[in-house]
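Asks: For reference, the sequence and a predicted model appear below.
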Amino acid sequence: MLPVDKPSLKLNAVLALKQEVAPGLAIFRVVPEGWELPDFEPGQFAVLGLPAESPRVAGADPEEPPPKPGTLIRRSYSIASSSRQKEYLEFYLALVRSGALTPRLFALEPGNKLYLGPKFSGLFTLKEVPPDANLVMVATGTGLAPYMSMLRTHLAEGGLRRTAVIHGARHASDLGYRHELEAMERQFPNLVYIPVISRPQEELHRWTGETGYVQDVWRRGVVAQKWGFAPSPEHTHVLLCGNPAMIEDMTALLTAEGFRQHSRTQPGQIHTEKYW
C-alpha cells in the first residue's frame with residue numbers, strides 16, 4: 001500500500017476486458033483515458049492501482065489492518081500485450097485473496113476506472129540477449145505474461161532463432177494463453193510450446209502432455225527432443241519467470257550444465273524475474 005497525494009488518486013484508465021481463464025486467474029485489458037501509452041520493451045511492467053475504498057471480490061481474506069482511506073494501492077505487473085499494441089495494455093493476473101490489490105482488481109467490471117502508471121520499467125527484456133541466440137522461456141503461472149509480450153512483438157520477425165516456451169501449472173485449465181500459443185506453434189516453425197501440469201490425476205479428461213514440473217521437463221531433455229539438438233550456453237539463453245523456488249531449482253540445473261547467471265557486468269545466459 002502506497003500513500004500518495006490527492007492529485008495522484010485520479011483514475012486515468014478504464015478496464016476494457018476481464019476474461020476469466022480459471023477461478024482466480026484472469027486476463028485484463030486496460031485502456032488509458034485521455035492520454036497515449038508510451039513505448040516500452042517487451043518484458044517490462046506497469047503499475048496498476050485502485051483507491052483503498054474500492055470494493056473487494058467476494059471470498060477475499062479480511063484485511064487486518066484495513067488500508068488508510070484516501071490512499072492509492074499500487075502494484076507492478078508484467079505487460080502481456082505486444083509493444084506495438086498502442087490501444088491497451090494486457091495483464092495476466094492471479095487472485096491473491098490475502099493481497100491488497102488483486103481482490104480489488106478482480107472486483108472490477110468492464111467500464112470501471114482504475115489507475116495506470118504512465119511510466120513502464122523493468123530489465124527482464126531481450127535487449128541484452130544476442131539476436132541470433134536461441135531462447136528457452138520457462139514460466140510458472142502468470143510468469144508467462146512477459147513472454148507473451150515478447151512473442152507477440154518479435155515472433156513474426158523471422159530469423160533462425162529457435163524459441164521454446166515451457167509453461168507449468170497445476171491443471172490444464174490454468175494454462176493461460178494455451179490456445180494462442182498452440183496457434184503460434186502451428187504458424188511459426190521455429191516455436192515450440194511445451195505445457196506441463198503437476199496434477200494430471202485431477203483432470204476430468206486424460207492429459208497426454210508433459211507432467212510434473214518445468215524442472216522435470218528440462219531434466220527429461222524435452223527441448224532437445226523437440227529441437228533436434230540440446231540447448232547449450234554456446235547458442236542458447238534461458239529466461240526464468242515465476243515461482244522463486246522454480247527459479248532457484250532451474251538456475252542450479254542450468255549452472256551445472258555451464259550456463260551462467262546474467263548481469264550487466266558479467267554477461268551470462270540465465271535471465272530471471274521472480275514473481276513474489
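Replies: Happy to help now that I have it. Note that the structure is a prediction, hence the values are computed from the model and not measured.

Asks: Skipping its backbone neighbours, what lies nearest Pro244 in space?
Replies: Counting by Cβ to Cβ, 6 or more residues apart in numbering, Pro244 lies nearest to Lys274, which is 4.6 Å off, once chain neighbours are set aside. (C-beta placed from N, C-alpha, C; glycine too.)

Asks: need the contact list for that neighbour.
Replies: Counting by Cβ atoms under 8 Å, 6 or more residues apart in numbering, Lys274 makes contact with Gly242, Pro244, Ile247.

Asks: Low-confidence ranges, the stretch 1-150 of the chain, go.
Replies: Low-confidence segments of the stretch 1-150 of the chain (pLDDT under 70): 1-9.

Asks: Helices of that one, residue ranges please.
Replies: For the stretch 1-150 of the chain, helices defined by DSSP state H, counting those that start in this stretch occupy the ranges 102-105, 145-154.

Asks: sorry, back to before: so which of the contacts of Lys274 belong to helices?
Replies: Counting by DSSP state H, the part of these found in helices is Pro244, Ile247.

Asks: Now, of the contacts of Lys274, which are buried?
Replies: Gly242, Ile247 (16 or more other Cβ atoms under 10 Å).

Asks: would you list every one of the strands in this structure?
Replies: Applying DSSP state E to the chain gives strands spanning 13-22, 25-32, 45-51, 72-78, 89-94, 113-116, 134-140, 163-169, 191-197, 210-211, 236-242, 270-274.

Asks: Run the angle between the first one and strand 89-94 for me.
Replies: Calculated by axes from the mean of the first three to the mean of the last three Cα atoms, to 10 degrees, strand 13-22 forms an angle of 40 degrees with strand 89-94.

Asks: before we move on, the earlier item: would TSV of the helices of the stretch 1-150 of the chain with mean neighbour count and distance to Ala80 be doable?
Replies: Formatted as TSV, the helices of the stretch 1-150 of the chain follow (neighbours: other Cβ atoms under 10 Å; distance: least, Cβ to Cβ, whole Å):
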stretch	mean neighbour count	distance to Ala80
helix 102-105	24	14
helix 145-154	24	4
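
Asks: Let me have those in a markdown table, adding distance to Val96 as columns.
Replies: As requested, those are exported to a markdown table (distance: least, Cβ to Cβ, whole Å):
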| stretch | distance to Val96 |
| --- | --- |
| helix 102-105 | 5 |
| helix 145-154 | 15 |
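
Asks: how about those, which one is nearest Ala169?
Replies: Evaluated over these, closeness to Ala169 peaks at helix 145-154, with 13.3 Å, by Cβ to Cβ.

Asks: who touches the closest one?
Replies: 42-45, 77-85, 90-92, 124-126, 137, 139, 163, 165, 177, 180-181, 184, 191, 239, 241, 273.

Asks: How many neighbouring residues does Ala60 have?
Replies: If you count neighbours by other Cβ atoms under 10 Å, Ala60 ends up with 18.

Asks: give the contact list for it.
Replies: Arg97, Ser98, Pro103.

Asks: Over to Pro200?
Replies: Here Pro200 is in contact with Trp207, Thr211 (Cβ under 8 Å, 6+ apart).

Asks: pLDDT score assigned to it?
Replies: On pLDDT, Pro200 comes in at 96.

Asks: Distance check, it against Leu89.
Replies: 34 Å (Cβ to Cβ, to the nearest Å).

Asks: again with Arg260
Replies: 33 Å.

Asks: Now tell me what touches stretch 108-118 from outside.
Replies: Everything outside stretch 108-118 that qualifies as a contact, by Cβ under 8 Å, 6+ apart, is 9-18, 28, 30, 32-33, 35, 38, 46-50, 72, 74, 89, 105.
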